[in-house]
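Colleague: Generate coordinates for the sequence data below:
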Amino acid sequence: MHDYKRPPTLHRYATRAELELSLTLGQFRLVPANNCLTLSFSTVWDKSLFDLLAPADSCLVIHNTEEFGERLHRAVQRTLPSWAGIDGEVEYGVRAALGAAFTKTSAEAHEREWQFAWRAMAPQMSLNPVTVKIGSIETFAELRDRESYAA
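Modeller: Numbers count the residues shown, from 1 in each chain. As a prediction, the model looks like this:
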């Protein structure tokens, strides 16, 4: 296992309505990808990601990534007790040490993703989207629109 540290901030580009629920309720939707349930963030502020991730019109900026990550993993553990979770940097153009869920093409490298992923410990488990709530993250996160970000 290699040592890693979460980036100082995480950015999630999406619609304001979705991100307001993330900020106030800590609500996040895990979606299936590569036999895992995943939740992706970007490690960078990049206005082009609003267009790439359209209809994104807002960005959730998380400033305490350690607390966020621990709360997210605990919430998923309560919701999906027989799933194993990990988070790490997505690698582009090469097979990631963390596996296929963390591997993307070189063409996607500008997204600079940090991903949370959970894998079922039993192969017959269903891969349907799951919504989890970790409680308000307003004490260490904020919503910004495309024009109001000062890095």
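Colleague: list the buried ones in the lengthiest helix in the chain?
Modeller: The longest helix of the chain (DSSP state H) is helix 65-79. By neighbour count on 16 or more other Cβ atoms under 10 Å, the buried set for helix 65-79 is 65, 68-69, 71-73, 75-76. Where C-beta positions appear, they are placed from N, C-alpha and C, glycine not excepted.
Colleague: got it, and stretch 31-51?
Modeller: Buried, per 16+ other Cβ under 10 Å, within stretch 31-51: 36-44, 46, 49-50.
Colleague: Inside helices: which ones of those residues?
Modeller: Counting by DSSP H, the part of those found in helices is 49-50.
Colleague: most distant residue from the middle of this protein?
Modeller: Gln124 (24.7 Å; Cα atoms, centre = their mean).
Colleague: Which pLDDT value goes with it?
Modeller: Predicted confidence (pLDDT) for Gln124: 72.
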